[in-house]
Structure formats: structure tokens, C-alpha cells
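>>> For reference, the sequence and a predicted model appear below.
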Amino acid sequence: MALRAGRLRAGGDDGRIIAGVSGGPETTAGGAGPELAGRTVVVVSPHFDDVPLSLGQSLLTGALSQAAAVRVKVVFGRTNWSVRLYPTRRRAPLVTGWRRAEETLAARRFGYRFEVAPFEEVILRTGSTDAESYRGDHEARDDALFLPVMQRLRQWRREGDELWVPAGLGRHLDHRIVAAAAAQVVGDGDGTGPVAFYEDRPYASFLDDAELVGQIGRLGLELEPVDVSGPIAPSTQEAVRRCYRSQIDGYFEAAQQRDLDEGRPERIWRPVPRP
Ligand SMILES: [Zn+2]
């Protein structure tokens, strides 16, 4: 079952979950949602691949397709992770080059420009492929990269009219670092544009509504969901698979199948306007 915007909120000052609060009008499918005509949207991608995976439909036919420009910022631009090669440190230059080439292809296909920051992704910096080291419960705010990433977000926010960041769904540490840093930046009262949190795929595809709201609630913000595309189309999913051959495995394919089966759209979560 897909949630409808305006029916659900997550968060609050004490991090509690406020679900089922009735709100504004529901958005409609087919690319409705935020009005982005004439606006430049800066979209933060923890890794190469996260933006087309999470917002590919929006880029092709949804809200982001209406934006004047989409600028993608890849945070953890040094990587040794692929589904094809064991991730040794020595392979990082090779795999980074490969993934950068995939992103170049995706940027052309999905219509954005991208820039890459030089942070190492978690498997490269820890040398561990143990799921506990990258999907565990470490506090993202305690990570050494939390402050440097926050600085980047502040800088990137000024480069566009809106800043879209991952919500950190699925517990991947790199995603949570970006999401937690962004949650700090939301309240900067210095006249920069709004911040919105997009649902991280493939992880979000495996969460039920309660889990999803619970994880969003950990950001400690009062947020509401807005559709930014119609249902994700098989052709969009195929384009993603073609662009990111180094990353696609059975987990990604199962996530795509779930999205198709449930007719899910892509969504962002925005701070609830104060009355
Ligand atoms: Zn990622």
C-alpha cells in the first residue's frame, strides 16, 4: 500500500512519531508534487548511483524533470565497492574510475550534471565488508566525517534553490551521516533554500510503512511526504540497471520488483510548514 502525502507525518522535537495526522491535500500521481519550474535543485548522492536509483522516475517524468537544472553532488567519491571485484584498497582507483564512468553515463541518460567530493566510502575507510560496520547502529553524529560532510552540505545548499538529501533509510552508515548532517543544516536561518529528504533506494523498497516512518522519525524533524513522481516504471528501472552494472545484484533487482508490485512512486519528505 502506498502512503499518500498529507496523511502522515514523522518526527517532532522529541523524535516521536506522529503518524496518521491528517494534513493538506493529497498530491496526485504523474509527476505532481513540488513546483520546480525555473529552479535549480542540488541533489546529494552519498555514492555514485544513489540519485538515479532513488529519483530516476522523478528525473525522467516527475518533479525533477521540471526543474531548470539538477546538480548532483556525490559525497563518498572514493570507493572500492562493486559486486564484481573483492574490495581491496589497491583496487580503489580502478573501481572509482569505473563507477565514475557509470555516473557519467547515468548523468547523460537522466539529465543532470554531477560533481564528486573526495570522501572515502565506508567499506574503503574501514577495510571491512562486515554488514555491522556499515549498517550497524553507530551514531552517525559521532563519525569523524559528520562535520566535514555538514560543511559540504552548507556550501552546496547555496548553489541551488533547493537541497535534496537522502533520508538515511536502510541504516547504511554513509547515508545516515549525510542525513544526520542535513538534519542539522535544515534549521540554518541564513536565507538559503529549503531542504528535503528523499527515500533511499534500494533500502526503502524493503521497509513497510511503520518502519519507514520510524526511521524518518530518527532525524528529529517534523516531516511530511510528497510524491515526486508517478509509479516507478519498468523502463526506468531497466535504465538504472544498464547504467550501474558494477552495482546491480539480486538485492537491487528484488527491490525493483517490490516497487513495481506495489506501484510505488518516489517521494521526498519536507519539513511541515509552521502555521
Ligand atoms: Zn548509496
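Alright, I've got the coordinates. Numbers count the residues shown, from 1 in each chain.
>>> where in the protein is pLDDT low?
Scanning the chain with the threshold set as pLDDT under 70 gives 1-9, 11-32, 190-191.
>>> neighbouring contacts of the host helix or strand of Gly56?
Remark: Gly56 resides in helix 50-60, with elements defined by DSSP states H and E. Surrounding helix 50-60, the residues in contact under the criterion Cβ atoms under 8 Å, 6 or more residues apart in numbering are 31, 43, 45, 62, 64-65, 70, 72, 106, 109-112, 164, 166, 175, 198-202, 204, 228-233, 236-237, 239-240, 243-244, 252, 265-266. In short, each C-beta sits where N, CA and C put it, glycine included.
>>> partners of Pro231 in the sheet?
Beta-bridge pairing of Pro231, defined through DSSP bridges, involves Pro265.
>>> quick one: contacts for it?
Applying Cβ under 8 Å, 6+ apart, we find Pro231 in contact with Ala29, Gln57, Gly263, Arg264, Pro265.
>>> between these, which is closest to the ion?
Using Cβ to the ion, Gln57 comes nearest to the ion of these, at 17.6 Å.
>>> Name the nearest residue to that closest one, ignoring sequence neighbours.
By the measure of Cβ to Cβ, 6 or more residues apart in numbering, the closest residue to Gln57 outside its immediate chain neighbours is Ser229, 3.8 Å from it.
>>> is it true that the one you found lies in a strand?
Yes: Ser229 forms part of a strand when assessed by DSSP: H, G, I helix; E, B strand; the rest coil.
>>> Give me the subset of the contacts of helix 50-60 lying in strands.
Among the contacts of helix 50-60, the members falling in strands are 43, 45, 70, 72, 164, 166, 198, 228-231, 265-266 (criterion: DSSP state E).
>>> for the biggest helix by length in the chain, packing partners?
In the chain, ranked by residue count with DSSP state H as the criterion, the top helix is helix 92-110. Secondary structure elements in contact with helix 92-110, counted by 3 or more Cβ pairs under 8 Å, 6 or more residues apart in numbering; DSSP states H and E, are helix 50-60, strand 113-116, helix 234-243.
>>> any idea of the angle it forms with helix 50-60?
Compare the direction of helix 92-110 with that of helix 50-60 by axes from the mean of the first three to the mean of the last three Cα atoms, to 10 degrees and you get 10 degrees.
>>> Going by neighbour count, which residues in helix 92-110 are buried?
Under the neighbour-count criterion of 16 or more other Cβ atoms under 10 Å, helix 92-110 has Ala92, Val95, Thr96, Trp98, Arg99, Glu102, Glu103, Ala106, Ala107, Arg109, Phe110 buried.
>>> between those, which is closest to the ion?
Nearest to the ion out of the buried residues of helix 92-110 is Arg99 (Cβ to the ion; 11.0 Å).
>>> I'm done for today, thanks for sticking with me.
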